[in-house]
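> All I have is the shape, not the residue letters:
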C-alpha cells in the first residue's frame, strides 16, 4: 500500500521544551566537550574550519560576558534565598535566532500553546525538493493542498491532530482505490505489486520514522542478518494487511510466513530482546492457524514457543495449553506432562479461562500414554461442570484398543455414559465414530449393539437380549448398516459385519454383497480386488450348486452336499467380474467366468457378450470373437446385440487389424466386411433413435475405402444417410479425400497436401452456393448445417463413383446391395 505521510509521526506530540532551552543546552554541551579536549590533547596546527551551523560555532566575547553575568546573578539569587525557598523564574522565547524575554508564566503558556510552523514548512519543502521530476513536485503540492490546506493556518496542536486525521483518511481512500484496481489484474501481477508496496512500507523503518509495532528494528542487526530480518518484515506486513481486512489465511500465506521466520530464526536469536512483542503475537496468530491450512501446525508452534520462551515473552493460558500439546506431539511426552501437571493449579482452576482446553488436553494426553485412570479423572472434572460429554470419545477408543474383557466392558460403559449425558444431542456422526472404534478393534458385537442403539434410539438394549431379535436378524437391517459403512468408505468394517452376521446365521442379500464387491474393485488395491474376486466366486459357486440341486430334484436324485452359506450370485455379480477381467486383460479368467456363466444357467445378454468379445480381441483371437457372436446371436439366438456389440465387432475385421492387405486376401476381406455390414443393418433397431455413433460410421467408411470397394462405400454413405440420418463432416471428407485416417500437418508436404485438398473441396462446394462469390472458401462457408452435409455427401458420391458405363454400374451396384442386405431397404426392388 502507499507509504504513510512523513509528517504523521513528527507532529502528533506536543513538545514541552522550548527552542531557546534546546539552543542553550546544545551550546553548553559543545563548550564542555571543547574544554575537555583542550586540557588533554596538545593543539595541532591546522586550518580553521568555518562552521556554518549556528549551534556548533564558537561563542563571541560578548556572548560569553552575557553568560558570565547570568551565572553571577544566579549565584546571588541562591545566596539571598530565604528559608521558605523563594525563587524567581525567567522565561524566554527564541524565534529565527532572536531571543526575547517573556513577562511571566501566563505569557509563556500562551507561547507554548502556539505552533512553530517553520519546522513543518521546512519538512514539506525538503520532501518536495527530494522528488525527481517537476511533475512529481506538482503532484505532491496538489496532495498537500488537498490534505493539509494552507500550512500557514496551523496555529495549535489541535490543528496538527486534525491534519493527521485527514492524512489517514486520504491514505485509506488511496488504499481502497488501489485494491479496486488490483482486483481487476491477474493474481500473480497483483501479488507482485502488493509486495512492492510492502517493501515501500518496510523502508519507513530506515527513514527514522516509527513503523508498525510488529516490525523488527532492522538496524539492530548487522548486514548479513539484516537481509533475513527485512524479508521477514515484508512477509509480516503482507499477512498483517490480509488479517486487517479479515481475509482468511491460506496454506500459501502460512507457508510463506513460516519460511521467512525459519530463515530469520538464527538472526533473531542474536538479539531476542530487540524483537517486539507484537511480532511474536503476529507470528503466533499465523502459525497457530487450523490444520486445514497449516498441516504442520504443532511442529511449527513448538519451535516458535522455544524462541518465545528464550525471548522471555509472556504467554496467556490458551497459548500455554497449545504449547504443551505441540511439545507432546513432537515426541517429548515427559516434558509435556510435567508442564501440564505443574500448571494444574493455575490453568486447571475452575475460574481459569482455558479450563476446558486444559483438561481436554489432559484427557487426550493420558489416553495416548495409556493412563486411563488419570484420563477418566480429568474427564470427570469437565463433566462435573456439565461440559461436552464427547470428551469420553478418546477414552472409549483407548479402551477398545486394550483388547481385554475388562477394557471391553469399560468401553461399553463409557459409551453408555456418554449417550446418557448427551441425550438428544447425540448425533449420527457420534454413533458412527463409536462404531468405527469397535469395528477397527474387532469388537464387532459391540459395534452391532451401538448400531442397534442408533437405529432404535436406545429402545433395544442388546446386552440384555439372550437371542438376536427379529428386527435385527434380517437382511434389511444388515443392508442399512452396510450401506452406511460403505458410504463412509469403511470397507473393512463392512466385511467384518458381513462375517459376524453370517456367523449368527443371518446372510446379507446378493445385491448388498454385489455392492461390496464393486466397492472393493473401485478401490483399486490388490488386496481389495482379491477379496472381491473371492467373494464373487463364492457367490457363483452357490449359484452353480443351486442349479445342480434343482436339476437333481427334477430327476429325484439325493442331495450330496449341504448348501453353501453364501447367497447365490446374480447377473450383476458376473457383470462385475467380467468388467474387471476385461479392464485387466485377463482372458483366461474371462473364459472361466463364461464357463461358470453357462453352468449357472444365466441368460446371456449383450454386456457379458461384449466383455467376452473384447477379451478375445485383446488376446489376439478376433476369429474366435466373430465365431462367438455368430454362435450366440445367429445360430443359438441366446443373446441380442446392442450398439456397443457392433463397435466391438468392427475391430475384428482384417482391414482393421492389418496395416497392409495383400491382393490374395483382398476378396475375402471384402466379403467379410460386407457380411458384417449386413449384420449391422439387420439389427439397426438396437441403435438409439438419434442415429449411429459417428466413430462407428467413420470406421465403416474407412474400411471400404481401404479395401477400394467403391460400390460398398457408396451404398454405405446412402444407407447411413437414409437409415441412420448420418451425414459426413468436413474432417471425414478430408480424410476420405486424402486417403488417411489421421490428418497430419507436421511437415511442409503434409500441410501443402491438406491445403490443396481443402481448396478442392471448397471449389466443388462453391458450385452449390446460392450466389456467385469470388472466393471459393467464402462461398463454401455459406453452406451450413444439413445443407452443407448434403453437399459433402454429393461430393463424396461423385469422387468415389467407379469409372464404368451406367448399365455396368447399376448391375454391379445391385449385386453389392444384395450382398450387403440393403437391396430392399434402399428401394432397388421397386426400381426393378
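Okay, I see it. Fair warning: this is a prediction, and the values are worked out from it, not measured in the lab.
> helices and strands around the longest helix anywhere in the chain, which ones?
Assignment by DSSP state H gives helix 526-554 as the longest helix of the chain. Here helix 526-554 touches helix 510-523, helix 571-583, helix 587-599, going by 3 or more Cβ pairs under 8 Å, 6 or more residues apart in numbering; DSSP states H and E. Backbone N, C-alpha and C define where each C-beta goes, glycine included.
> and the residue nearest to residue 741 when sequence neighbours are not counted, helix, strand or coil?
Take residue 741 and drop its neighbours on the chain: the residue closest to it by Cβ to Cβ, 6 or more residues apart in numbering is residue 702, 5.6 Å away. Assigned by DSSP: H, G, I helix; E, B strand; the rest coil, the conformation of residue 702 is helix.
> Centre of the chain to the strand or helix carrying residue 450, how far?
Assigned by DSSP states H and E, residue 450 belongs to helix 444-456. Centre-to-centre, helix 444-456 and its host chain are 36 Å apart (Cα atoms, centre = their mean, to the nearest Å).
> The following helix or strand past that helix vs helix 444-456, what angle?
Where DSSP H and E defines the elements, the next helix or strand beyond helix 444-456 is helix 475-487. Relative orientation of helix 475-487 versus helix 444-456 (axes from the mean of the first three to the mean of the last three Cα atoms, to 10 degrees): 100 degrees.
> For the remainder of this discussion, apply numbering that starts at 4.
Sure, I'll start counting at 4 from here, so that last one is helix 478-490.
> List the contacts of helix 478-490.
435, 442, 454, 458, 474, 494, 496-497, 500-501, 504, 509-512, 514-515, 518-519, 522 (Cβ atoms under 8 Å, 6 or more residues apart in numbering).
> Can you select the buried ones from those residues in ChimeraX?
To isolate the buried ones among the contacts of helix 478-490 in ChimeraX, judged by 16 or more other Cβ atoms under 10 Å, type:
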select :435,442,454,458,494,496,497,500,501,504,509,510,511,512,515,518,519,522
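> Which residues are in contact with residue 546?
If you count contacts by Cβ under 8 Å, 6+ apart, residue 546 has them with 571, 572, 573, 576, 603, 605.
> where exactly do the helices run in the stretch 304-453 of the chain?
320-332, 336-345, 347-350, 358-372, 375-386, 396-405, 408-425, 431-443, 447-459 (DSSP state H, counting those that start in this stretch).
> Which one of the ones you listed lies nearest to residue 622?
Nearest to residue 622 among the helices of the stretch 304-453 of the chain is helix 431-443 (41.6 Å), distances taken as Cβ to Cβ.
> For that closest one, which helices and strands make contact with it?
Helix 431-443 sits against helix 396-405, helix 408-425, helix 447-459, helix 494-506, with contacts defined as 3+ Cβ pairs under 8 Å, 6+ apart.
> Make CSV from the helices and strands packed on helix 529-557 and add mean pLDDT and distance to residue 411 to it.
Formatted as CSV, these follow (pLDDT from 0 to 100; distance: least, Cβ to Cβ, whole Å):
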stretch, mean pLDDT, distance to residue 411
helix 513-526, 92, 27
helix 574-586, 91, 36
helix 590-602, 91, 42
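> Tell me which of those helices sits nearest to residue 291.
That would be helix 513-526 among the helices and strands packed on helix 529-557, by Cβ to Cβ, at 36.2 Å.
> orientation of that closest one relative to helix 494-506 in degrees?
150 degrees.
> rewinding a little: with distance to residue 802 as extra columns, can I get the helices and strands packed on helix 529-557 in TSV?
Formatted as TSV, these follow (distance: least, Cβ to Cβ, whole Å):
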stretch	distance to residue 802
helix 513-526	49
helix 574-586	40
helix 590-602	42
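> which stretch among those comes nearest residue 761?
Comparing those by Cβ to Cβ, helix 574-586 comes nearest, at 40.0 Å.
> Remind me what the closest one packs against, helices and strands.
So helix 574-586, by 3+ Cβ pairs under 8 Å, 6+ apart, packs with helix 513-526, helix 529-557, helix 590-602, helix 609-621.
> Need the winner for burial among the ones you listed.
helix 609-621 (a mean of 22; mean count of other Cβ atoms under 10 Å).
> Name the residues that touch the one helix or strand residue 723 maps to?
Assigned by DSSP H and E, residue 723 belongs to helix 713-727. With Cβ under 8 Å, 6+ apart as the contact definition, helix 713-727 has outside contacts at 673, 676-677, 680, 684, 687, 690, 694-695, 700, 703-704, 707-708, 729-731, 796, 799-800, 803-805, 815-816, 819-820, 823, 825, 828-829.
> Could you list which of those residues belong to helices?
673, 676-677, 680, 684, 700, 703-704, 707-708, 796, 799-800, 815-816, 819-820, 823.
> okay, the helices and strands packed on helix 431-443 in CSV with distance to residue 613 and mean pLDDT next?
Shown next, in CSV, are these (distance: least, Cβ to Cβ, whole Å; pLDDT from 0 to 100):
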stretch, distance to residue 613, mean pLDDT
helix 396-405, 48, 93
helix 408-425, 51, 92
helix 447-459, 40, 90
helix 494-506, 28, 90
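> any chance of these in TSV, plus distance to residue 649?
Converted to TSV, the helices and strands packed on helix 431-443 look like this (distance: least, Cβ to Cβ, whole Å):
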stretch	distance to residue 649
helix 396-405	57
helix 408-425	59
helix 447-459	49
helix 494-506	37
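> domains in the protein, as residue ranges please.
4-40+65-82+90-167, 513-645 (automatic domain parsing).
> hey, least reliable of those by pLDDT?
In terms of average pLDDT, domain 4-40+65-82+90-167 trails the rest of the domains of the chain, at a mean of 56.
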